[in-house]
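# Sequence plus the predicted model coming up.
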Amino acid sequence: MSKRWKIRPDGSNWGDFGPDDQLGRLNLLTEARVLEAVKQVRTGKTFCLSMPLDLPGGNAINPSRLPPELKPVIREGEIAFDGPARRDNPLQTDLLCDDAMLIHSQYSTQWDSFSHIGAMFDADGDGEAEHVYYNGFKVLSEETGKGLYGAIGAVNLGIENMAESCVQGRGVMIDLRAHCGDERRAVGFAELMAIMAKDNVEVAEGDLVCLHTGFADRIVEAAKTPDPQPVGAVCTVLDGDDKALLNWISESGVAALVSDNVAVEQSSSVAREMKVPGPVLPLHEHCLFKIGVPLGELWHLSELAGWLRENKRTRFLLTAPPLRMPGAVGSPATPVATV
């Protein structure tokens, strides 16, 4: 048993991949499974599954996350853009452009790491709930109370662990939009199973499951000026309050869960009504805190979903590592699907 915890949450898999595991279900992306995923490449056609990283635009979708900024790099007292690489030698012919990027790690197409969502939970059995994350880890140093960069920077479960795993495997598309249109509603276990049955979708252990809702299309169409009211009232989301759905995520063995909407799920109706204690995002808690399933959000899946439907396929090779930034709790991504 891990020295970090004496009690693990109900329905969790803490310790199943080892007492010090920080990869969760990504451990299922074995060499054998990558080889199986490569068998899905039959045409060599590729799809970029990222929106432009300056979308959605503004901060209407999430007031705390701001658009990325490109900033100048100063060399020899001047902005290093479309100028000589060195200014001390008039004979050199090289031109240089350089820049710096400031970006919120979860502004656009992104991965959530396990340090993104934790819970108040009594893991040490002393009767008092404490801050704890997947596999009993804490994100601040227990010795200093600080992160890698002072007040922030996860000392455990940072996105760099996910990057080091490379995140390559068999992607499986579940095309919710083809059956639900752009209507805003929460899809639970029963409806999800019915949709999968109609489209002959099979999900196996270690698969990277992608949910196409069409939401990212609305973001792209809004051209950096999304109105949070209509955008928040369209396209399907998963029903995180549905226990059967959460059980399916556990039992199916999926390695990661991806959507083209803001948060995969809708916020919990139970939590909104404030009748009982609980998470605002129960699917996030289940995946990131309990069972180690990373979540991808705001991916751009429509072109791939359309091609797969036209060609009567649901599987593909997915390559989607995040940035290898130590301590980050999320990361922009430019996922690539190959069919």
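Structure's in. What do you need? Numbering: from 1, shown residues only.
# Could you pull out the helices in the stretch 1-150 of the chain for me?
Ranges of helices within the stretch 1-150 of the chain are 31-38, based on DSSP state H, counting those that start in this stretch.
# Then the stretch 151-300 of the chain?
Secondary structure of the stretch 151-300 of the chain (DSSP H, counting those that start in this stretch): helices located at 159-164, 176-180, 189-198, 215-222, 228-231, 243-252, 269-273, 282-284.
# can I see the domain layout of the chain?
24-61+105-117+154-338, 70-102 (automatic domain parsing).
# related to what we said a few turns ago, for residue 260, which of the helices of the stretch 151-300 of the chain is the nearest?
Nearest of the helices of the stretch 151-300 of the chain to residue 260, taken as Cβ to Cβ: helix 215-222 at 4.0 Å. For the C-beta atoms, the positions are set from N, CA and C on the backbone; glycine is no exception.
# Buried residues of the closest one, list them for me.
Buried residues in helix 215-222, counted by 16 or more other Cβ atoms under 10 Å: 215, 216, 217, 218, 219, 222.
# quick one: least confident helix or strand in this protein?
Least confident helix or strand, the chain: helix 269-273 with a mean of 62, by mean pLDDT, DSSP states H and E.
# quick revisit: go through the buried residues of helix 215-222 and say which is closest to residue 247.
Nearest to residue 247 among the buried residues of helix 215-222, with distances taken as Cβ to Cβ, is residue 215, at 25.2 Å.
# Any stretches of the stretch 1-150 of the chain with poor pLDDT?
Counting by pLDDT under 70, the stretch 1-150 of the chain has low-confidence residues at 1-2.
# at 50 instead, please
Low-confidence segments of the stretch 1-150 of the chain (pLDDT under 50): 1.
# ok so, going back, buried deepest among the domains of the chain, which one?
Comparing these by mean neighbour count (mean count of other Cβ atoms under 10 Å), domain 24-61+105-117+154-338 ranks first with a mean of 19.
# Quote the end-to-end distance of it.
The straight-line separation of the ends of domain 24-61+105-117+154-338 (Cα to Cα, to the nearest Å) is 25 Å.
# Distance from the chain centre to it, please.
6 Å (Cα atoms, centre = their mean, to the nearest Å).
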